[in-house]
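Chemist: Just to be clear, the model below is a prediction. Sequence and coordinates:
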2 protein chains.
Amino acid sequence: MDANSMKVTRNDGEWIWINGKTMPLADARIGVEDRGFLFADGVYEAMRLYRGRPFGVKEHLERLERSAAAIDLALPCCRDTMAQEIQRLADRSELTDGLVYLQITRGCSVRNHLFPDPSTVPPTLLFYTRPLAPLPAPGEGAGISLLSVPDERWKRCQIKTIALLPNVLAKNKAAAAGADEAVFVEDGHVNECSTSNLFAVVGKTLVTHPLTNKVLPGITRAIVLEIAASVGVGVQERPMREDEAKSADEVFITSSTRELVWVESWDGQRVGKGRCGDVTRRLHQAYVERVREEVLPHVAVA
Amino acid sequence: MDANSMKVTRNDGEWIWINGKTMPLADARIGVEDRGFLFADGVYEAMRLYRGRPFGVKEHLERLERSAAAIDLALPCCRDTMAQEIQRLADRSELTDGLVYLQITRGCSVRNHLFPDPSTVPPTLLFYTRPLAPLPAPGEGAGISLLSVPDERWKRCQIKTIALLPNVLAKNKAAAAGADEAVFVEDGHVNECSTSNLFAVVGKTLVTHPLTNKVLPGITRAIVLEIAASVGVGVQERPMREDEAKSADEVFITSSTRELVWVESWDGQRVGKGRCGDVTRRLHQAYVERVREEVLPHVAVA
């Protein structure tokens, strides 16, 4: 086995595109004075690969544009070019199931809170691939446990920034208590989770927080709201009291890498019937079908 | 001129110690999956070099310990070792006036909000030097202008984390309005500035925000409060209404790199007499003497 093929073996689907260059992820480096490293001055996206294709790439890149605009950061190339390069990297990775993580920062320059001149300091743009295990079919996976934590984040949570320390601390607080995910609670109401959006099924109605500065506009969240009618449930986007959410018939979280995951317990108390609820399962099934519709036409028949 | 001496010339006092290795700052790199870059999962300090010595290094490293503890991050070495290595790097830089910037993050590992195992993923510790211009003598420098902005930061501002995007955005909002520094205002009260603490002189009293979760416990702030008695002013640590602060006799900011800087205008209106006030100047003078006392005994008589 020569050095090159060893590298490919070690690499195992982990490739990165960084400022126009492609290399194994483990070989990529950034400067110490990158503003992403010193100031969290950047935004990001995470997409899931299905059959080697990033699902919802258009929606993710639209959100990236909104996040970047919200922090006055100009993207160095258009959405179509980015989508093409992401697909090219996904092809190179040869992954079927995987992650595409994308990040853009305001570049590398002498540390100063003031923005550098973008004509001399280009942004740092990168995206990388990594294998992910296939997800369980709707209704077949294990449920998760939630822990309520105070929402200590900043006031612009609708922007998908890399200033994630509060989310990191919340997630680890949950883990320390034996829970899988943290729910941000503020003034007695639930906002979202540390790495996902939160939904509750109350009777025949699907309830989730409206799109304010308190929640991230999740791509999976939006699709779930779109497909709710197809499984016969109404939708309410409104803040929920913590006790109302905890006593809902079903609770689930959504994220691009995990799709829908049902909640088994919350602060140590069973949620609903303690198994994946019917509405959650049917919504998840409809989501998976949506993924299939987008991804399948592009896959050659073997 | 050979390659080595060229490097020293280019380098110009910019040296970095990173995980035990010393090199020119421009040569230093970190991994893309450093948690400082992906999650803002780290804390930092910035000290000023006077005559080649970092002022207040003990206080800065104590605060670093508190910041790290607040985010459950274990420091890889003790304070004395860090202080020695910082002095060694300062010596190597041959700088008289300069900056020592120090940062520690939770290391480089596969992206996951959950903390990595510290026994296999060591933190990333680095500090670097950079020249700074000497500061004007007390009362001789230009004043600065402030702009009030809403405080949109998270709820644990007493921790000196690298999740600085809200501060970066505030500072640039001030700059866009032609101002030098942003003042965070919340519920009609002033907390602190985007890169400094804020003081007002009201009659014979020095007023600044108490040490709550709304302000960073500045090293310069603490010294100014200590020396206030020596210039004949009392001290009140209490929240100030924005209008009270704006109509104070004197207003100034403090930071380790800028010492004390008097405020000339705020939201376009003149502050005090529009020049450096007597109390500010005398406090600054006392501060400079404190620096001299700490730094001078260690400097060999030329």
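Modeler: Happy to help now that I have it. Numbers count the residues shown, from 1 in each chain, chains lettered A, B, ... in the order given.

Chemist: How far does stretch A:111-129 stretch from one end to the other?
Modeler: 30 Å (Cα to Cα, to the nearest Å).

Chemist: Do you have the helices of the stretch 201-302 of chain A handy? List them.
Modeler: Assigned by DSSP state H, counting those that start in this stretch, the helices in the stretch 201-302 of chain A fall at A:219-227, A:242-246, A:278-295.

Chemist: List of residues touching the last one?
Modeler: Looking back up the chat, that one is helix A:278-295. Contact with helix A:278-295 is made by A:50-51, A:53, A:55-56, A:137-139, A:201, A:206, A:220, A:223-224, A:227-228, A:230-231, A:233, A:249-250, A:252, A:259-260, A:262, as judged by Cβ atoms under 8 Å, 6 or more residues apart in numbering or on different chains. In short, each C-beta sits where N, CA and C put it, glycine included.

Chemist: In strands only, show me those residues.
Modeler: Taking DSSP state E, the ones among the contacts of helix A:278-295 that sit in strands are A:Tyr50, A:Arg53, A:Val201, A:Leu206, A:Glu250, A:Phe252, A:Glu259, A:Leu260, A:Trp262.

Chemist: From the residues you listed, pick the one nearest chain B.
Modeler: Nearest to chain B, judged by Cβ to the nearest Cβ, of those is A:Glu259 at 17.9 Å.

Chemist: The closest one contacts A:Ile219, doesn't it?
Modeler: No. With contact defined as Cβ atoms under 8 Å, A:Glu259 does not count as touching A:Ile219 (10.9 Å).

Chemist: rewinding a little: any idea which of the helices of the stretch 201-302 of chain A is most buried?
Modeler: Of all these, helix A:219-227 has the most neighbours on average by mean count of other Cβ atoms under 10 Å in any protein chain shown, namely a mean of 20.

Chemist: quick one on the thing from earlier: looking at the helices of the stretch 201-302 of chain A, which is nearest to A:Cys108?
Modeler: Nearest to A:Cys108, of all the helices of the stretch 201-302 of chain A, is helix A:219-227, at 29.4 Å by Cβ to Cβ.

Chemist: From the contact counts, what lies against the closest one?
Modeler: Packing contacts for helix A:219-227, counted by 3 or more Cβ pairs under 8 Å, 6 or more residues apart in numbering or on different chains; DSSP states H and E, involve helix A:57-70, strand A:197-202, strand A:205-208, strand A:250-255, strand A:259-266, helix A:278-295.

Chemist: for these, which one sits closest to B:Met23?
Modeler: Closest of the helices and strands packed on helix A:219-227 to B:Met23 is helix A:57-70, at 32.6 Å (criterion: Cβ to Cβ).

Chemist: and the closest one, C-alpha only, in PDB?
Modeler: Provided in PDB are the C-alpha atoms of helix A:57-70 (Å, rounded to 0.1, in the frame of the first residue of the first chain):
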ATOM      1  CA  VAL A  57     -28.800  22.600  -0.100                       C
ATOM      2  CA  LYS A  58     -30.800  25.500  -1.600                       C
ATOM      3  CA  GLU A  59     -32.500  26.200   1.700                       C
ATOM      4  CA  HIS A  60     -29.300  25.800   3.700                       C
ATOM      5  CA  LEU A  61     -27.500  28.200   1.400                       C
ATOM      6  CA  GLU A  62     -30.400  30.700   1.500                       C
ATOM      7  CA  ARG A  63     -30.200  30.600   5.300                       C
ATOM      8  CA  LEU A  64     -26.400  31.100   5.100                       C
ATOM      9  CA  GLU A  65     -27.000  34.200   3.000                       C
ATOM     10  CA  ARG A  66     -29.400  35.500   5.600                       C
ATOM     11  CA  SER A  67     -27.000  34.700   8.500                       C
ATOM     12  CA  ALA A  68     -24.100  36.300   6.700                       C
ATOM     13  CA  ALA A  69     -26.100  39.400   5.900                       C
ATOM     14  CA  ALA A  70     -27.200  39.700   9.500                       C
END
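
Chemist: That helix vs chain B: in contact?
Modeler: No. Helix A:57-70 stays clear of chain B (Cβ under 8 Å from any Cβ of the partner chain), getting no nearer than 9.1 Å.

Chemist: after that helix comes which helix or strand?
Modeler: helix A:79-93 (DSSP states H and E).

Chemist: does any part of that following helix sit near chain B?
Modeler: No. Helix A:79-93 stays clear of chain B (Cβ under 8 Å from any Cβ), getting no nearer than 13.8 Å.

Chemist: Quick check: buried residues in that helix?
Modeler: Within helix A:79-93, the residues that count as buried by 16 or more other Cβ atoms under 10 Å in any protein chain shown are A:Met82, A:Glu85, A:Ile86, A:Gln87, A:Leu89, A:Ala90, A:Ser93.

Chemist: ok, residues contacting it?
Modeler: Contacts to helix A:79-93, defined as Cβ under 8 Å, 6+ apart, come from residues A:13-17, A:22, A:47, A:49, A:52-54, A:57-58, A:61-62, A:65, A:75, A:98, A:100, A:102, A:127-129.

Chemist: From the contact counts, what lies against the following helix or strand past it?
Modeler: Moving toward the C-terminus from helix A:79-93, the next helix or strand (DSSP H and E) is strand A:98-105. Helices and strands touching strand A:98-105, by 3+ Cβ pairs under 8 Å, 6+ apart, are helix A:35-39, strand A:42-50, helix A:57-70, helix A:79-93, strand A:124-131, helix B:35-39.
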